[in-house]
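Q: sequence and predicted structure below; questions after.
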Amino acid sequence: MSELTDPDASAPSGHDSTQGFRPTAVAAVPLADIGAAIGVAVPGASGSVQVTGISLNSRSVRPGDLYVALPGATRHGADFVSQAVDAGAVAVLTDDAGARLLALGHDMAVPVLLAHEPRSVVGRLSALIYQSRPDGAGAPALFGVTGTNGKTTTTYFINALLRALGKRTGLIGTIEILAGGEPIPSLLTTPESTDVHALLALMRERGLDAASMEVSSHAVSFHRVDAVVFDVAGFTNLTQDHLDLHGTMEEYFQTKARLFTPERARAAVVTIDDDWGRKLAATAEIPVTTLATAGTDGAGPADADGAADWTADWTVVRTAPRGLGSDFVLRHRGGAELRVHTGLPGGFNVANAALATVMVLAGGHEPAAVQAALDAADPFTVAVPGRMQLVSTAPAAVVDFAHNPDALARALEAVRSPEPGSRVIIVFGATGQRDQGKRPAMGAIAARLADTVIVSDDDPHDEDAAAIRADVLAGALAARDDEGLDCTVLEVFPRDAAILKAVELAGAGDTILVAGRGHEVWQEVKGVNLALDDRVELRNALTARGFTVLEDHRIES
């Protein structure tokens, strides 16, 4: 079982995501050096013990590891020390509670180091052991993207643009991890710090030139990016999400802002379309390049009085539709322009593509080289799994990860067809054991922007699925009735039945949006992980109705 559980984890139990993360060669570090690095006493003569790895999970321990035993949601990592030692752990780092458990139940054959808050030192130790980004040594240029929405797509766009520039690239994010080899499925938006540093060392060992990484607020709160310094940190936006963890939007913002400090990044690109972005740009402690993407007329974001803010370093202008996507121009305040295209629908993907472009520029690439790569490779038409992923065109059937109010509104606006009589049918729900306040808000948004609203289950986790649906339905029905909206609201479960119902209701000219789960292939219900892929269910339902589905090519990444 997993010793560590937090609200950002959503994986089938028993799956070990750390296989393939580590470099092949690691220089041993004496335990005495490890103790000295974090100010922890090393017992007796054990300072000469040689450490070649570090792990937070007994199942992923390898010979030579330091096993870090931390408190989890239901069990303490100290309960698994025997398994870790049997697997080859040569030392243990734990807290007071862990030490008490070890004293009660274990005859320890390896030295035990005691720290008041061991999680807060794991990043430093991982960097020391793996030498992930040593001073004076060649290391991949590192791009980190944070914000509520758009992190995944922006990192894929950065990756694609860097590849178009001839770079060998890596990727760390929600969907998968790429380190110059086969893709590794990802379980967390940002992996644990032990894995992050091992991956960065692996990328350096394999000679990669650059890497892009999603950085969630959980990653900052739970120390997953400690001792990582990004060359460029990017900010997409901030809207309501994760208030179950942060409590208030201000606390949520302050957590994100911790990425934009000299300890964590050298430079930043901040999208200033909202007040949070402008606040971040004004308060960040590192050099900031600002980006305005709101609107299509070049006016940039508006201030509280509605006046345009012309201070952005780069502004999106002259946006025009092309196919499902958009052409636009990035204009520098000095007058220089770049022509950009994205094949993904929605104004938010214009924003994602613009941010990726400016981050690559901020990473030191010349505008002329970037323009040549944009023209030759069309990098922002890369398919991103479960992000506005098109399954069929008649009806238009789209799977997207939108799982908060702002993302849901943007997705619904993006898929609305201009053709007369075309309807939008949405299937969605809300995740259990998360911010409950957003559930009725999402229901209301769906009622306002869709013609048929089908409320179903997302990942209930340990919450009652019917109660979650009731919260979402209450918002949808209240908006429909109070605002006189002409929409149909249905409750259909389980989720595969809801997807089938949406297809049954759709005509060839309509649009089906299945939102909330995106690329996920497991649905967690009362501790049981059920196989469920919205894309597969949608393809099957469309095929059964005689509609043509698009070929399921492997997602380029």
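A: That came through, no problem.

Q: could you use CA atoms for every contact and neighbour count after this?
A: Fine.

Q: could you point out the helix or strand that follows the least confident helix or strand in the chain by mean pLDDT?
A: The weakest-scoring helix or strand in the chain, judged by mean pLDDT, DSSP states H and E, is helix 243-246 (a mean of 54). The first helix or strand that comes after helix 243-246 along the chain, using DSSP states H and E, is helix 249-257.

Q: so for that following helix, mean pLDDT?
A: Mean per-residue pLDDT for helix 249-257: 91.

Q: give me the helices and strands touching that helix, please.
A: helix 217-221, helix 243-246 (3 or more Cα pairs under 8 Å, 6 or more residues apart in numbering; DSSP states H and E).

Q: gap between the residue nearest to residue 43 when sequence neighbours are not counted and residue 143?
A: Nearest non-adjacent residue to residue 43, counting by Cα to Cα, 6 or more residues apart in numbering: residue 111, 6.7 Å away. The spacing between residue 111 and residue 143, counted by Cα to Cα, to the nearest Å, is 38 Å.

Q: neighbour count for those two, which is higher?
A: Set side by side, residue 111 and residue 143 give different neighbour counts by other Cα atoms under 10 Å, the larger being at residue 143 (29 against 19).

Q: and the more buried one, its phi and psi?
A: phi -110, psi 120 (degrees, to the nearest 10).

Q: ok, what's across the strand from it?
A: According to DSSP bridges, the residues that bridge with residue 143 are residue 212, residue 232.

Q: and the pLDDT at residue 418?
A: Reading off the model, residue 418 has pLDDT 86.

Q: does it count as helix, strand or coil?
A: coil (DSSP: H, G, I helix; E, B strand; the rest coil).

Q: what sits against it?
A: Listed by Cα atoms under 8 Å, 6 or more residues apart in numbering, the contact set of residue 418 is empty.

Q: how much space separates it from residue 390?
A: 17 Å.

Q: any low-confidence regions in the stretch 1-150 of the chain?
A: 1-20, 106, 136-137 (pLDDT under 70).

Q: which residues of it fall in helices?
A: 31-38, 81-86, 96-105, 119-130 (DSSP state H, counting those that start in this stretch).

Q: quick one, which of those gets closest to residue 148.
A: helix 119-130 (23.7 Å; Cα to Cα).

Q: pull up the per-residue confidence for the closest residue in space to residue 415 that isn't next to it in sequence.
A: Spatial nearest neighbour of residue 415, excluding adjacent residues (Cα to Cα, 6+ apart): residue 511 at 7.0 Å. With respect to pLDDT, residue 511 scores 96.

Q: ramachandran coordinates for residue 511?
A: phi -130, psi 130.

Q: what's around it, how many residues?
A: A count of nearby residues for residue 511, using other Cα under 10 Å, gives 28.

Q: and it, what does it touch?
A: The contact partners of residue 511, by Cα under 8 Å, 6+ apart, come to 395-398, 415-417, 422-425.

Q: which of the residues you listed sits closest to residue 200?
A: Ranked by distance to residue 200 (Cα to Cα), the contacts of residue 511 are led by residue 398 at 34.0 Å.

Q: wasn't that closest one part of a strand?
A: Yes - assessed with three-state DSSP, residue 398 lies in a strand.

Q: numbering from 172 from now on, please.
A: Taking 172 as the first residue, the last one we looked at is residue 569.

Q: please tell me how far it sits from residue 586.
A: In this view, residue 569 and residue 586 are 8 Å apart by Cα to Cα.

Q: mind jotting down where the strands sit in the stretch 172-321 of the chain?
A: Assigned by DSSP state E, counting those that start in this stretch, the strands in the stretch 172-321 of the chain fall at 200-201, 221-222, 224-226, 236-240, 262-265, 283-285, 312-317.

Q: looking at these, which is closest to residue 249?
A: strand 236-240 (5.1 Å).

Q: who does that closest one pair up with?
A: strand 224-226 (parallel), strand 262-265 (parallel).

Q: out of these, nearest to residue 531?
A: Among these, if distance is taken as Cα to Cα, the winner is strand 224-226, at 32.3 Å.

Q: what about that closest one, distance to the chain center?
A: Taking Cα atoms, centre = their mean, to the nearest Å, one finds the center of strand 224-226 at 24 Å from the center of the full chain.

Q: what of stretch 681-699?
A: That offset, for stretch 681-699, works out to 16 Å (Cα atoms, centre = their mean).
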